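Q: starting from these lines, generate the structure:
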Amino acid sequence: MVTEENQIATANEAFYRAFESLDLGKMEKVWAKDSTIQCIHPGWGALRGWEAVMASWQRIFHNTEEIRFVLTEARIQLRDSLAWVTVYENISSRVGEESASAIVLATNIYEKRPAGWLMIHHHGSTVAQLPAFPDPSTVH
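A: Prediction:
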């Protein structure tokens with residue numbers, strides 16, 4: 001049986017697959033296409049609306065050759081037609097000969113629409129020090 005939580009987990013997974021693909025078309029499919037969406041990348045200001053949010057992804061994808069995520073401590077909360085996922089993004093990326101890694105704490109908010117669960121908000125904050133996790137469950 002496919003539960004609402006399974007559908008939200010699938011939507012969240014689709015977001016990270018789109019991110020790793022560096023394909024703007026795939027990223028566009030996971031977001032609600034309206035003026036109320038918002039995105040906050042680590043170190044960036046708030047981006048509001050379809051055009052600004054998609055322009056940010058295009059800029060990130062243009063300047064990144066490879067990016068991979070290992071997601072940990074994912075937690076899904078559901079309230080009616082809204083759901084949010086908090087997750088630690090353990091990121092490794094490459095631009096040219098430069099490799100980098102980072103840990104970002106993200107909140108992804110989804111709204112149930114006729115087309116399914118679509119992202120309406122993504123907020124990522126860099127983490128300087130991780131707390132001790134009692135249950136280091138890995139999602140991806």
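
Q: got the phi/psi numbers for Pro42?
A: Backbone geometry at Pro42, expressed as degrees, to the nearest 10, gives phi -50, psi 130.

Q: now do the same for it: its pLDDT.
A: Residue-level confidence at Pro42 comes out at 94, pLDDT.

Q: wouldn't it be in contact with Gly124 here?
A: Yes. Between Pro42 and Gly124 there is a contact at 4.9 Å, judged by Cβ atoms under 8 Å. All C-beta spots, glycine's among them, are computed from the backbone N, C-alpha and C.

Q: and for those two, which residues touch both?
A: The contact sets of Pro42 and Gly124 overlap at Val104 (Cβ atoms under 8 Å, 6 or more residues apart in numbering).

Q: okay, these two: which has more neighbours?
A: Between Pro42 and Gly124, counted using other Cβ atoms under 10 Å, the more crowded position is Gly124 (20 against 15).

Q: buried ones in the helix or strand containing Gly25?
A: Element membership for Gly25, per DSSP states H and E: helix 24-30. Using 16 or more other Cβ atoms under 10 Å as the burial criterion, the residues of helix 24-30 that qualify are Leu24, Lys26, Met27, Val30.

Q: which one of those is nearest Pro114?
A: Looking at the buried residues of helix 24-30 and their distance to Pro114, the nearest is Val30, at 15.3 Å (Cβ to Cβ).

Q: residue contacts, the closest one?
A: Residues touching Val30, when contacts are defined by Cβ under 8 Å, 6+ apart, comprise Ala11, Ala14, Phe15, Ala18, Leu118, Met119.

Q: again, only this time at 6 Å
A: Each residue near Val30 by Cβ atoms under 6 Å, 6 or more residues apart in numbering is listed here: Ala14, Phe15, Ala18, Met119.

Q: off-centre distance for stretch 48-62?
A: Once both centres are worked out by Cα atoms, centre = their mean, to the nearest Å, stretch 48-62 turns out to sit 13 Å from its chain's centre.

Q: just to revisit the earlier point, nearest to Ala52 among the contacts of Val30?
A: Distances from the contacts of Val30 to Ala52 were compared by Cβ to Cβ; the smallest belongs to Met119, at 14.5 Å.
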